[in-house]
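*Asks:* Next input, structure requested:
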Amino acid sequence: MLPVTRLLIARHGNTFDPSDTVLRVGLRTDLPLSRSGRKQAEALGQFFQDAGEDIHKVYTSELCRTFETANIALNNLGFKVPIVQDPMFNEVDYGVDDGQPEEEVVARIGIEALQEWEQEAKVPPGWQIEPKRIIQNWKTFAGNLLQDHYDQTVLVVTSNGIARFAPHLCADFAALKARHKLKLATGALGSFVHVDDQWNVEMWNVRPKS
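*Replies:* This next block holds a predicted model:
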């Protein structure tokens, strides 16, 4: 059997429940998971268990919503996996819109700018985001993965603004983008495998049932 290095990328669970006011949650807004978010984290863990994933190491951001998601998911696996909090996976900085109600964000930047961010990762004015740096971070991380975790599976739990740039790892990014939205839903995940000297997507934006 050929060796397979696998990178799983999950977005943290919900930080708001249906009755809550939804905010633009970025780097400077560190919220815990909501009740539904904890259920999503449990569903992630059950998904990994059902799939027989043998996860060797887990990386999260320094924000509690990602660490909490990973911790809950791992508890469902029934064994301890090292969790490393790495600032590389911290959410992006939404500038003046960080922590603001979504309706106020739309009022400031306009619905078209928000759609371009969601669909094309084009940064709206006032947001402190460097796409080229984030993409390079993913490529550097993936390269180190092949050295440090060859033929193993590693899980990264991060946030929407960071996760959406991970598909640039793929040899055929344009084809992936044509099939999938770049945005990961809360509690959803993607999977990349390194085969024939390149990263290929196995799945993207799959949300286990909670």
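*Asks:* Off-centre distance for the lengthiest strand in the chain?
*Replies:* Counting by DSSP state E, the longest strand found in the chain is strand 198-206. Put simply, strand 198-206 sits 13 Å off its chain's centre (C-alpha atoms, centre = their mean, to the nearest Å).
*Asks:* And for it, what's in contact with it?
*Replies:* By C-beta atoms under 8 Å, 6 or more residues apart in numbering, the residues outside strand 198-206 that reach it are 6-7, 142, 167, 169-171, 176, 179-181, 183-185, 188-194. In this view, the C-beta of every residue, glycine as well, is placed from N, C-alpha and C.
*Asks:* Report the contact partners of Leu77.
*Replies:* Residues near Leu77 by C-beta under 8 Å, 6+ apart: 45, 48-49, 53, 55.
*Asks:* and if we set it to 6 Å?
*Replies:* For Leu77, the contact set (C-beta atoms under 6 Å, 6 or more residues apart in numbering) comprises 45, 48-49.
*Asks:* neighbours around Pro32, how many?
*Replies:* For Pro32, the count of nearby residues is 13 (other C-beta atoms under 10 Å).
*Asks:* Phi, psi for it please.
*Replies:* phi -80, psi 170 (degrees, to the nearest 10).
*Asks:* Starting from the lowest-mean-pLDDT helix or strand in the chain, tell me the next helix or strand along the chain.
*Replies:* Least confident helix or strand, the chain: helix 173-179 with a mean of 89, by mean pLDDT, DSSP states H and E. Remark: after helix 173-179, the chain's next helix or strand is strand 189-195, criterion DSSP states H and E.
*Asks:* Would you map the strands across this structure?
*Replies:* 5-11, 55-60, 83-85, 153-158, 189-195, 198-206.
*Asks:* how about Leu74, what does it touch?
*Replies:* Val81 are the contacts of Leu74 under C-beta under 6 Å, 6+ apart.
*Asks:* separation between it and Tyr150?
*Replies:* With distances taken as C-beta to C-beta, to the nearest Å, Leu74 is found 22 Å from Tyr150.
*Asks:* try Pro167
*Replies:* Separation of Pro167 from Tyr150 (C-beta to C-beta) stands at 22 Å.
*Asks:* That's all I had, so thanks and see you.
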